[in-house]
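Peer 1: dropping a prediction and its sequence here:
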Amino acid sequence: MTKSEIKFLDGPQNRWKDFKFTVSVLFEFIKGFRTLHFVGPCVTIFGSARFKEDHPYYKQTEEIAGRIARLGFTIMTGGGPGIMEAANRGAKAVGGRSVGCNIVLPHEQFHNKYLDKWVDIKYFFVRKNLLIKYSYAFVVMPGGFGTLDEYFEALTLIQTKKISGFPIIIFDKGFHKDIISHIELMKDKQTISPEDLDLCLFTDSVDEAIEYLQEKSIKQFGLKAREKKAWWLFEGKY
């Protein structure tokens, strides 16, 4: 979290400072909306920033992103290194569109070089909202706390019907075997419904993922025509 987030979450503060924080959040959203408004329809790929380009997960992500980009989707990521870079790179390699929503951190993350367009965001919760807003599907690659946060955020929004029933595809059943077991446990303990297990696909097959994406996203929602840009809003070319 940034210093302003930490202070804001510390409890009741000076009202003027709270107001300034709220305005700052508003401007972060506006900046994100203006940058990303014309990029869709997207598929957002989540995953760890720590995998290098010689790692099998990096290579697999490149392949998956390339296959999805060929369907006509823009590949969206958190804009950083690792799996995010691999996804953006895979899209660029096949002539697809590649965008990122990068988090501003003091020393850790900078946007990767395979982005056609990106926006730098100060607050994690704003960034997460933007990553979800423009996507017709989500792909979850192996990752850490942040990846799981993004996965379960999207899953919860779909389960509670706060957003449409977009498909979620989770790659590498071996890596996620304990999560699969825990989801089964939640079903057995009735903290989720049996039909909630149908909200996402766990797979090791790129072909199965593409088929699932075509059925659950393209056929169900279609590829919407991109809006024309408004010169009077000073919206640039993309």
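Peer 2: Received the coordinates, thanks.
Peer 1: state the helix or strand in which the nearest residue to Ile180 once chain neighbours are set aside lies.
Peer 2: Distances taken as Cβ to Cβ, 6 or more residues apart in numbering put Phe202 closest to Ile180, at 5.9 Å, once the chain neighbours are dropped. No exception for glycine: its C-beta is placed from N, CA and C like everyone else's. Element membership of Phe202 [criterion: DSSP states H and E] is strand 200-203.
Peer 1: which other residues reach whatever helix or strand comes next after that strand?
Peer 2: Using DSSP H and E, the helix or strand that follows strand 200-203 in sequence is helix 206-213. With contact meaning Cβ atoms under 8 Å, 6 or more residues apart in numbering, helix 206-213 is reached by 43, 60, 63-64, 67-68, 71, 137, 139, 167, 169, 171, 201, 203.
Peer 1: so what are the sheet partners of the strand holding Phe202 and their directions?
Peer 2: If you go by DSSP bridges, strand 200-203 pairs up with strand 168-171 (parallel).
Peer 1: quick one: the strand it pairs with to chain centroid distance?
Peer 2: 12 Å (Cα atoms, centre = their mean, to the nearest Å).
Peer 1: which SS class is Gly174?
Peer 2: Three-state call for Gly174 (DSSP: H, G, I helix; E, B strand; the rest coil): coil.
Peer 1: quick one, grab the pLDDT at it.
Peer 2: Looking at Gly174, its pLDDT stands at 97.
Peer 1: that one: what's it in contact with?
Peer 2: Asp204.
Peer 1: in this protein, where's the longest helix?
Peer 2: helix 15-36 (DSSP state H).
Peer 1: so, low pLDDT: which residues of this structure?
Peer 2: Applying pLDDT under 70 to the chain flags residues 1-11, 13, 107-109, 222-238.
Peer 1: where do the strands of it begin and end?
Peer 2: Here the chain has its strands, by DSSP state E, at 42-46, 74-77, 98-103, 117-121, 135-140, 168-171, 200-203.
Peer 1: also compute the angle for the fourth one relative to helix 15-36, please.
Peer 2: Just to be clear, that refers to strand 117-121. 170 degrees (axes from the mean of the first three to the mean of the last three Cα atoms, to 10 degrees).
Peer 1: convert the C-alpha atoms of strand 117-121 to CSV, please.
Peer 2: What follows is strand 117-121, C-alpha atoms only, in CSV (Å, rounded to 0.1, in the frame of the first residue of the first chain):
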residue,chain,number,x,y,z
LYS,A,117,-0.7,1.1,-24.1
TRP,A,118,-0.5,1.3,-20.3
VAL,A,119,-1.6,3.3,-17.3
ASP,A,120,0.3,3.7,-14.0
ILE,A,121,-2.0,3.5,-11.0
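Peer 1: what strands line up against it, and which way round?
Peer 2: strand 98-103 (parallel).
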